[in-house]
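Undergrad: structure for this input, please:
(one chain, ligands or ions: 1)
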Amino acid sequence: MKLYDNLISATTSELERAKAAVYTYSQAGSWPCNDNSEFIMERDSVVELGGAGEPSVNYTCPTTSGIVTQDEIFVYGQDIREIKKAAAFARIVILETEDLGEAADQEKAFRAIRNLEFVRYHVFPEGYMVRVSSQSNQEQVRISKDAVKKGIDFAGIGSAYIKKYKAVDLVKHVRIIFITDRKLVEALRPNADKVDAVTKTLTHILDGLPTDCGHCSMKPVCDEVEGMRELHLGKKK
Ligand code: SF4
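TA: Below you'll find the predicted structure:
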């Protein structure tokens, strides 16, 4: 699966100009999670990420190119305890997986991609209310006063996400990137739309989209993303 590699490169080259705090995944250090989403009232919260008019970006890129060789958490900008009220927010996930697109059983590969999408929206850390908008690739987070008192931070939240991803078959390593620097979040926003277009095209291919490129609404994506056309036309042969 190299379909997202150009977008991973665009992300890393934007980020390499900034400084990050880097943490290694710790299963024991994972922030505790609920089974379901928790509602936090505004009056019980102390931090809003990606809300209150601040920009927000969220996307996930699987790869098999050896880009991620360990489980790690990168934080660009202030960590939760340093944010006083509202901040811009991005959560970007890069997943090193076993072969997905190149797998002989492509139905299995696509099911794996859908399972990974499921994880994206089904991690519920305590005192950390996530509101996602898959349509606009945004994610807003409200953090409770209680969680801040208990020492919530991105290292613990990142480990909670990584733990859940690593429970999915085919996932080898996970890099999770949190950004609260407004300029960086805004610079990465166009990537989210492109990632979304690739994922939507993959889903359409799975759903049996006809192989007539001349009349296909996905053509702009296939023209741009190396390997996408081979994936679809190869699948139909
Ligand atoms: S390969 Fe052709 S038919 Fe298939 S999704 Fe791309 S443009 Fe559409």
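Undergrad: what residues does this structure put near the ligand?
TA: 201, 205, 209, 211-213, 216, 218-219, 222, 228-229, 232-233 (C-beta under 6 Å from any ligand atom). Using the backbone N, CA and C atoms, a C-beta is placed for each residue, glycine as well.
Undergrad: most neighbours out of those, which is it?
TA: Thr201 (24 neighbours; other C-beta atoms under 10 Å).
Undergrad: before we move on, back to that, need the residues of the chain next to the ligand in TSV with pLDDT, secondary structure and distance to Arg131, can you?
TA: Below are those laid out as TSV (pLDDT from 0 to 100; DSSP: H, G, I helix; E, B strand; the rest coil; distance: C-beta to C-beta, whole Å):
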residue	pLDDT	secondary structure	distance to Arg131
Thr201	86	helix	26
Ile205	81	helix	30
Leu209	77	coil	31
Thr211	81	coil	38
Asp212	85	coil	39
Cys213	86	helix	38
Cys216	86	coil	34
Met218	85	coil	29
Lys219	87	helix	34
Cys222	88	helix	33
Met228	84	helix	31
Arg229	84	helix	36
His232	81	helix	34
Leu233	81	helix	39
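Undergrad: what's stretch 35-51 in contact with?
TA: Residues outside stretch 35-51 that contact it (C-beta atoms under 8 Å, 6 or more residues apart in numbering) are 54, 56-57, 80, 83-90, 124, 126-127, 129-131, 138-146, 148, 180, 185.
Undergrad: same deal with stretch 130-141?
TA: 37, 47-51, 56-59, 89, 91, 120-121, 123-124, 128-129, 142, 189, 192-193, 195-196.
Undergrad: among those residues, which lie within helices?
TA: Judged by DSSP state H, helices contain the following of these: Arg120, Arg189, Ala192, Asp193, Val195, Asp196.
Undergrad: who wins for most neighbours among these?
TA: Result: Val195 is most packed of these (other C-beta under 10 Å), 23 neighbours.
Undergrad: just give the nearest non-adjacent residue to that residue, would you?
TA: Excluding its sequence neighbours, the residue lying closest to Val195 (C-beta to C-beta, 6 or more residues apart in numbering) is Tyr59, at 4.2 Å.
Undergrad: what about the one you found, how many residues nearby?
TA: The burial count for Tyr59: 25, using other C-beta under 10 Å.
Undergrad: quick one: it and Ala192 touch, right?
TA: Yes. Contact criterion C-beta atoms under 8 Å: Tyr59 and Ala192 qualify, at 4.4 Å.
Undergrad: and stretch 180-191, how far from the chain's centre?
TA: Distance of stretch 180-191 from the chain centroid (C-alpha atoms, centre = their mean, to the nearest Å) equals 14 Å.
Undergrad: check stretch 117-129 too.
TA: The answer for stretch 117-129 is 12 Å, by C-alpha atoms, centre = their mean.
Undergrad: now tell me what touches it from outside.
TA: Residues contacting stretch 117-129 (C-beta under 8 Å, 6+ apart): 31-40, 45, 58, 60, 93, 130, 132, 134, 141-144, 146-148, 150, 152, 156-157, 160-161, 164-165, 168, 199.
Undergrad: can you report phi and psi for the residue nearest to Gln78 when sequence neighbours are not counted?
TA: Leaving aside its sequence neighbours, Gln78 sits nearest to Thr180 (C-beta to C-beta, 6+ apart; 5.1 Å). The phi/psi pair for Thr180 (degrees, to the nearest 10) reads phi -120, psi 10.
Undergrad: against Val141, how distant is Thr180?
TA: Distance of Thr180 to Val141, given as C-beta to C-beta, to the nearest Å: 10 Å.
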